[in-house]
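Q: Attaching a predicted model along with its sequence, questions to come.
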Amino acid sequence: MRRDTAVHGAPIGLLGGTFDPVHHGHLRPAIELQERLGLAEMRLVPGHVPPHRRPPRADSEQRLRLLQYAVVGAPGLVVDARELRRGGYSYTVATLYELRAELGSRPLCFVLGSDAFLGLASWYRWRDLETLAHLVVMRRPGHALRLGDELAEWTAARQVLDPAALRGCSSGLILFQETTPLDISASRIRRLIAQGRSARYLVPDLVWGCIAKEGLYGYPQI
Ligand code: ATP
């Protein structure tokens, strides 16, 4: 843990994901956390090949394009395509090492939904994460937070209740933060489109327009 290091600058947030496609369940919590935690910016980092799940349905360039449409007019949200450029499996720990080298002692907040947090202990070199970033967990509707023993113990030793604590050191703390609960998932959006139904208003209009124009996820082409 790096709780003793002097820190410089407002924290940077990072929300990783497959974003297949990006939706309001990512974007609304992202902007709320950016404001509430006083983040200089929230970076949305699309993964190339996810280590823990099936390959994304849309290719990396398409998912990146959707993200770029999603952040139009939202200055607090920034798309960071480093995992796509790096190629191969997108290990979070590798991304955080890169960012830590760039940011020096600046606080870094790695944000994840409660569903992803439950599986943390299966991530590659997950115990290194605390030396690199704080973890901010947003509750996801429909996912009860029942932690396994190992993760529960690890979490209890690092959990803080006050978001201000994250500004006082560069990494090593865990915060559970409420955000507007939005029961939206990319898999449901893909399913709706494949069934010929609309996913409008679950994603930003510019994202929906791009899905339709490019015929993504089985959107019918005429
Ligand atoms: P899929 O349905 O394909 O599994 P997803 O909707 O979970 O996709 P991801 O790109 O896998 O989207 O998620 C990226 C991150 O955002 C993860 O940490 C996930 O927990 C979180 N997340 C996704 N949707 C929500 C939501 N509706 N509310 C809160 N967190 C979310």
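A: Happy to help now that I have it.

Q: My understanding was that L135 contacts F110; is that so?
A: Yes - between L135 and F110 there is a contact under C-beta atoms under 8 Å: 5.5 Å. Quick note: C-beta positions are derived from backbone N, CA and C, even for glycine.

Q: Give me the common contacts of these two.
A: Common neighbours of L135 and F110 are listed as L129 (criterion: C-beta atoms under 8 Å, 6 or more residues apart in numbering).

Q: So for T131, what's the nearest residue that isn't a sequence neighbour?
A: S171 (6.1 Å; C-beta to C-beta, 6 or more residues apart in numbering).

Q: what helix or strand does the one you found sit in?
A: For S171, there is no enclosing helix or strand under DSSP states H and E.

Q: Now do the contacts for it.
A: With C-beta under 8 Å, 6+ apart, S171 has these contacts: M1, R2, R100, P107, L108, E130, T131, L132, A133, H134.

Q: give the contact list for the last one.
A: For H134, the set of contacting residues under the criterion of C-beta under 8 Å, 6+ apart consists of P11, P107, L108, C109, F110, L166, S171, G172, L173, I174, L175.

Q: G196 versus the fourth one, what's the distance?
A: Applying C-beta to C-beta, to the nearest Å, one obtains 40 Å for the distance of C109 from G196.

Q: Up against the ligand, what does the protein have?
A: 17-20, 25-26, 29, 112-113, 115-116, 138, 140, 182, 184-187 (C-beta under 6 Å from any ligand atom).

Q: again, 5 Å this time
A: When proximity is defined as C-beta under 5 Å from any ligand atom, the chain approaches the ligand at 17-19, 25, 112-113, 115-116, 138, 140, 182, 184-187.

Q: any chance you could map the strands in the protein?
A: Here the chain has its strands, by DSSP state E, at 12-17, 41-46, 77-79, 108-113, 134-138, 159-160, 174-177.

Q: can I get the ones you listed in JSON lines with mean pLDDT?
A: Shown next, in JSON lines, are these (pLDDT from 0 to 100):
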{"stretch": "strand 12-17", "mean pLDDT": "98"}
{"stretch": "strand 41-46", "mean pLDDT": "98"}
{"stretch": "strand 77-79", "mean pLDDT": "98"}
{"stretch": "strand 108-113", "mean pLDDT": "98"}
{"stretch": "strand 134-138", "mean pLDDT": "97"}
{"stretch": "strand 159-160", "mean pLDDT": "97"}
{"stretch": "strand 174-177", "mean pLDDT": "97"}
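
Q: Nearest to R54, out of these?
A: Closest to R54 of the strands of the chain is strand 12-17 (C-beta to C-beta; 14.2 Å).

Q: what's the angle from that closest one to strand 41-46?
A: Orientation check (axes from the mean of the first three to the mean of the last three C-alpha atoms, to 10 degrees): strand 12-17 against strand 41-46 gives 20 degrees.

Q: thinking again about what came up before, write the PyMOL selection for whichever of the contacts of S171 are buried.
A: Restricted to buried positions by 16 or more other C-beta atoms under 10 Å, the PyMOL selection for the contacts of S171 reads:
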select buried, resi 2+100+107+108+130+132+133+134
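
Q: Go through the contacts of S171 and name the one nearest the ligand.
A: Within those, the smallest distance to the ligand is 13.6 Å, found for A133 (C-beta to the nearest ligand atom).

Q: Thank you kindly, that will do.
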